[in-house]
Structure formats: C-alpha cells, structure tokens
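Novice: model the following, please.
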Amino acid sequence: MKTISLFFILSLSSVLAQNWQLQYDGLDDYCTVPNAEALFSNLDVFTVETWIKASDFSNGLIFLHGSSAELLFGILPDGTLTFGTAFVTSGTLVASLAGAYPADGMWHHVACVRTGTGVGQGKIYIDGVDQTDPGNNTTSPTLTFSGDLYFGVGVFLYFLNGSVDEIRIWSIVRTQTQINNNKDVQLAGNETGLIGYWQFNEDSGQTILDSQTNGTVHDGTLGADGNVNSDDPTRIQDSGLPLPVELTSFTVNVNREGDVMLNWSTATEVNNQMFEIERKDVEGSYSTIGSVEGYGTTTESQEYSYIDNTVVTGTYFYRLKQVDFGGQYEYSDEIEIEVNGPLTFTLEQNYPNPFNPSTKIKYSVPENGNVKLSVYNLVGEEVSMLVNETVDAGFYEVTFNASNLPSGTYFYSLQTGNFVETKKMILLK
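Specialist: Prediction:
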C-alpha cells in the first residue's frame with residue numbers, strides 16, 4: 001500500500017564537484033617537488049597539461065620549471081605559450097602563435113606535447129585547440145632530467161601571478177581528441193602513461209600530493225623550505241573552475257498515485273555517463289534504487305526525471321550520484337520528503353477505455369473503512385463486485401476482466417461511508 005503527503009517540493013542550487021586551485025601572488029610563491037628525476041628522465045615523448053588563470057603576463061608567467069633548466073614552460077608577455085627542453089644547453093623551443101593565450105583572468109586549459117625529438121614534433125593546445133607556431137618548433141634531444149621540479153617559478157626570477165590547477169605529466173603522446181575528452185574531468189590517477197598528477201584538492205597543510213597509484217610518489221611542498229609561515233601559494237576553492245557536471249536544480253514531490261517524483265536539471269555536462277538515484281529511510285543507509293543515462297558531454301541544459309513507485313508511509317531521503325565514464329563520481333545534496341496518506345476520496349477513469357477484455361481501475365481513500373467497488377450494466381444490474389472489504393487509507397488499483405460479458409456500456413461505482421462516485425466505461429469486443 002502506498003500513501004501520500006501534501007504536495008511537497010524542495011529546490012536547491014548545487015554542483016556535483018568541488019574544485020580547488022593554487023593561487024600565486026607573483027612575488028615569491030612556488031611549489032617544490034624534490035628529486036623529480038623519474039618524471040622526465042630519458043623521455044623522447046611526453047605531455048604536460050594544466051589549467052591556468054591569469055591576467056598579468058608582464059614578468060613572464062612561469063607554471064612549470066626544472067631546477068637545471070632542462071625543462072621550462074611559461075607564457076610570454078605577448079600571450080605566447082612556450083616550452084623548452086634542454087633549454088640552456090641547446091635552446092630548443094616550441095611556441096604557440098602570439099597572443100594565443102588570453103590575459104583575461106579566466107580559466108584556460110593548456111597542453112604541451114612532444115611527439116619526438118625531430119623538428120616540428122612539438123604541439124601546443126590551448127582550450128583543446130592546436131595553437132602551435134609552425135615557424136618556432138625546433139629539434140630537441142632526448143630529455144634527461146635531474147634535480148627538483150618547481151610549479152610557479154622560473155630560474156627564481158619570474159614568478160607566477162595567477163592560479164593553476166590539475167597539473168598532469170604523461171610519458172606518452174596525448175592526442176588532441178584525448179586532451180579534449182578529459183581536460184575537464186578529474187582523473188582516477190592510474191591512467192596509462194600518467195606519471196605525475198596533482199589536483200591541489202588538499203585544503204590545508206604544506207604538502208602537495210601526487211595521487212599516482214603506479215607505485216611512484218612525487219609529493220612536494222609549498223614554498224622553498226616547507227615552512228608554514230612562508231609566503232606560499234594559497235590553496236583555495238574556486239567556483240569558476242570548469243565542472244564535470246553543473247546541477248542547477250533538484251526537486252522531489254509526491255503525486256496522486258503516492259509515487260515520489262524526482263526531477264533535476266543540468267547546465268552543462270562533461271563525460272557524464274549516468275546518474276544513480278539513491279534513497280534511504282530515517283534509520284537506514286543509502287542504497288541505489290535506479291539510474292538514468294547522462295548526456296555525455298554537452299553545453300546545453302538538460303532535464304531529467306525518475307519515478308520511485310516503491311515507497312510506503314514514512315520519511316525518505318534522496319540524493320543523486322553522478323558517475324562519469326572513467327568511474328569517478330560525485331554526490332548531490334540530499335533532499336528529505338515525507339509520504340503520508342491521501343487527502344480525499346477519488347475514483348479515476350479506467351484505463352484503457354474502451355477495453356477488451358480487461359481494464360484497470362484506480363481509487364484512493366483518505367481513511368480506514370469499508371469499500372465497495374461494483375460494476376453495473378445499463379439497466380442497473382450488478383454484473384461484478386470487485387471490492388467489498390475494510391481497507392486502510394491509501395491508493396489502490398484493481399483489474400476488471402469482462403471476458404464473460406457482451407460488448408456495451410457499463411458503469412462502475414465506488415461506495416465508502418458517505419462517499420459515492422460512478423463512472424462509465426465501454427467494453428468493445
């Protein structure tokens with residue numbers, strides 16, 4: 001038996017991901033990853049990705065640097081993104097087109113790729129678009145890296161003035177398609193070829209954690225000496241970062257049939273495989289009761305709905321579990337709703353109508369009592385008694401099978417206490 005409450009709806013504005021960043025002051029902030037030789041040593045190919053937000057390039061924006069200048073990534077004052085290998089000894093350099101990186105204070109994704117050691121084998125992607133300058137793409141020897149790696153400082157003269165997030169280092173070539181497919185998505189940390197991955201999601205402490213699960217750890221510290229009193233980058237939350245899925249509303253209500261209706265909408269989606277619907281009662285724990293397929297990647301708003309028709313009287317809590325194609329997931333806030341009894345007597349129109357040979361009849365009663373539901377022919381003779389018993393308050397459905405009756409018009413009537421209602425139905429054989 002299902003029961004119902006007064007119409008109830010709860011709206012919220014939420015997102016299904018939390019994003020953090022490292023914010024640099026442009027004066028003396030940087031991170032150190034000590035003894036980072038294993039990250040780049042003896043690589044012919046590699047990929048470096050990150051998100052950057054900055055509006056001031058006047059001193060040259062440096063976001064990743066090797067201690068002996070074997071490796072240098074940065075943005076020049078004119079908005080040219082560059083990366084060099086064996087930078088001091090041979091001056092090899094790959095550059096983007098001038099002005100390709102905008103100084104607009106907005107988040108932009110950058111990816112620097114080396115596909116080999118020959119001329120023209122560097123690639124620079126900004127927001128997933130190839131911005132490589134074909135005239136500035138020189139040859140480079142195999143990279144032999146030693147010493148420390150720094151985030152946010154170049155040769156201790158140029159400091160990042162802005163923010164970074166999601167630094168990823170790969171020992172493989174990442175294609176333009178691969179970069180676009182997951183640049184907005186938090187990785188699991190064990191993807192093939194991923195040799196360094198910092199999310200900066202730890203909201204306190206001096207350690208920056210490499211979330212790699214391949215047995216190699218490349219943790220680092222904020223600042224030159226790891227002193228908490230140093231003027232180091234600030235790890236803060238930033239709602240402006242791209243979100244895998246932005247949930248703009250999530251509502252629940254109970255319909256006349258006593259079912260819980262869930263509705264939610266998204267503004268944008270990236271790599272969204274599905275939403276799992278989870279429910280619990282007051283004393284229980286969350287369990288999955290169903291799922292709805294996501295739209296993958298889309299910049300258009302989407303609407304979703306789900307009907308839970310397995311509830312009885314009581315208080316329930318619902319939440320959404322958004323799952324991406326890589327298996328990562330995030331939870332929405334929970335919503336509470338109480339399911340009580342119906343407010344009025346109702347007798348609904350049978351369905352289907354006309355029918356042959358059976359049809360369904362739904363009715364509800366707001367209080368316990370005797371209920372009689374009968375079917376009559378055109379002259380008022382009772383041809384079938386469907387219900388004649390004491391029932392609890394709730395919603396009910398019965399099936400009327402008229403295989404033994406001739407075609408024609410019939411009436412069905414619900415009687416309980418002082419309530420009587422009659423409706424017409426047609427049997428068409």
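Novice: who's in contact with residue 49?
Specialist: 109, 110, 111, 112, 166, 167, 168, 170, 174, 179, 183 (Cβ atoms under 8 Å, 6 or more residues apart in numbering). No exception for glycine: its C-beta is placed from N, CA and C like everyone else's.
Novice: same thing but 7 Å
Specialist: 111, 168, 179, 183 (Cβ atoms under 7 Å, 6 or more residues apart in numbering).
Novice: turn those into a markdown table, columns for secondary structure.
Specialist: A markdown table is the format used below for the contacts of residue 49 (DSSP: H, G, I helix; E, B strand; the rest coil):
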| residue | secondary structure |
| --- | --- |
| 111 | strand |
| 168 | strand |
| 179 | helix |
| 183 | coil |
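Novice: between the residues you listed, which is nearest residue 207?
Specialist: residue 168 (18.4 Å; Cβ to Cβ).
Novice: let me see the mean pLDDT of the helix or strand harbouring residue 249.
Specialist: Secondary-structure assignment from DSSP states H and E places residue 249 in strand 245-254. Mean pLDDT, strand 245-254: 87.
Novice: just give me how far whichever helix or strand comes after it sits from the chain centre.
Specialist: Remark: after strand 245-254, the chain's next helix or strand is strand 260-281, criterion DSSP H and E. Offset of strand 260-281 from its chain centre (Cα atoms, centre = their mean, to the nearest Å): 9 Å.
Novice: tell me the helices and strands packed up against strand 260-281.
Specialist: strand 245-254, strand 287-298, strand 302-308, strand 314-324 (3 or more Cβ pairs under 7 Å, 6 or more residues apart in numbering; DSSP states H and E).
Novice: can I get the second one as CSV, trimmed to CA atoms?
Specialist: What follows is the C-alpha trace of strand 287-298 in CSV, where atoms were taken according to Å, rounded to 0.1, in the frame of the first residue of the first chain:
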residue,chain,number,x,y,z
SER,A,287,21.1,2.3,-1.5
THR,A,288,20.7,2.6,-5.2
ILE,A,289,17.2,2.2,-6.5
GLY,A,290,17.7,3.1,-10.1
SER,A,291,19.7,5.1,-12.7
VAL,A,292,19.2,7.5,-15.6
GLU,A,293,21.6,7.7,-18.5
GLY,A,294,23.6,11.0,-18.9
TYR,A,295,24.1,13.1,-22.0
GLY,A,296,27.9,12.6,-22.1
THR,A,297,29.4,16.0,-23.0
THR,A,298,27.1,18.9,-23.7
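Novice: between that strand and strand 245-254, how big is the angle?
Specialist: Comparing the axes of strand 287-298 and strand 245-254 via axes from the mean of the first three to the mean of the last three Cα atoms, to 10 degrees yields an angle of 140 degrees.
Novice: what does the last one give?
Specialist: Computed with the same axes, to 10 degrees, the direction of strand 314-324 lies at 160 degrees from that of strand 245-254.
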